[in-house]
Each structure stands twice: as structure tokens, then as C-alpha cells.
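**Q** Need a 3D model of the sequence below.
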Amino acid sequence: MNSTDGCTTSSPSGSGLDSAVALFHSLSDATRLAIVRRLAGGEARVADLVAELGLAQSTVSAHVACLRDCALVVGRPQGRQVFYSLARPELLDLLAAAETLLAATGQAVALCPNYGTDSTSPQTVKKFS
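**A** Here you go, the predicted model:
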């Protein structure tokens, strides 16, 4: 079990899937996806994200830290501020592929009893765009 700023992952021992599990777990939260979506449009400070997402600064900071620790976002210090941006353009390719897969499966993901949008589970699948 790995844990970094609230990003906890686990996979079967010796499966060799730890990195993939960590990547998909880092993107499995609606707030982190909203941050990634916003950063796809250009860099932003935590204060900008707080204003745009309507969440507490501590919440946004924790999610940005998770994404940063997973090497999905990077910070560019400028004076006393830090401007965050996506670290890798491949992330947008991954999310575009996810959109294609969601379109191809229709309602199958939304109706999933474990993670679908109608699930009572705290982790619900949200469309990226």
C-alpha cells in the first residue's frame, strides 16, 4: 500500500501494476480531474483553482500535491507564487482515449454498480469534458 498526500494505492503483491494503479488512482477523483481539466487550458495558481472550483484552499492544495507527487503537474515558482501546469502532454492523450472509450461503451461505465454515476460509492465516474 502506497500513500502520498491522500493518494492511496494498492495492487496484488508482485503484480508489477503498482505504477499503473497509482496513475489511475491519481485520476480517479473528480476534484483532481477538474484540476487537470483546468490546467489543460493553461497554468494556474492554487488561488485561481480555489476561485474557479469553489473549494477550500487546503482541499485544492492537497489535490494539487497528489498530482504533483504523481508527476502529472509541475510548479513554476514566480516570486512568492507557484504556477501549476500539466507536466506531460501525454496526459491529454490518455484523457482523450478515455473519452473515446466512454463514448464507445455508452452507458456501461455509468451503470457500473461499483463506480457508476448512480452508485452510492463515494468514488463516482465523472466525464472529463
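**Q** my guess is R32 contacts H25, does it?
**A** No. The criterion here is C-beta atoms under 8 Å, and R32 misses it with H25 at 9.6 Å. Heads up, the C-betas are built off the backbone N, CA and C, glycines and all.
**Q** who has more neighbours, those two?
**A** R32 (22 against 19; other C-beta atoms under 10 Å).
**Q** Tell me which residues touch the more buried one, please.
**A** 26, 63, 66-67 (C-beta atoms under 8 Å, 6 or more residues apart in numbering).
**Q** for those residues, which one is nearest C112?
**A** S26 (19.8 Å; C-beta to C-beta).
**Q** what's the nearest residue to the closest one if we skip its chain neighbours?
**A** Distances taken as C-beta to C-beta, 6 or more residues apart in numbering place C70 nearest to S26, at 4.2 Å, with adjacent residues excluded.
**Q** Also S61?
**A** Nearest non-adjacent residue to S61 (C-beta to C-beta, 6+ apart): V46, at 5.5 Å.
**Q** Tell me who's in contact with that neighbour.
**A** V46 touches 57, 60-61, 64, 82, 84, counting by C-beta under 8 Å, 6+ apart.
**Q** Could I get those residues in TSV, plus columns for pLDDT and neighbour count?
**A** Formatted as TSV, the contacts of V46 follow (pLDDT from 0 to 100; neighbours: other C-beta atoms under 10 Å):
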residue	pLDDT	neighbour count
Q57	97	11
V60	98	23
S61	97	15
V64	97	24
V82	97	15
Y84	98	21
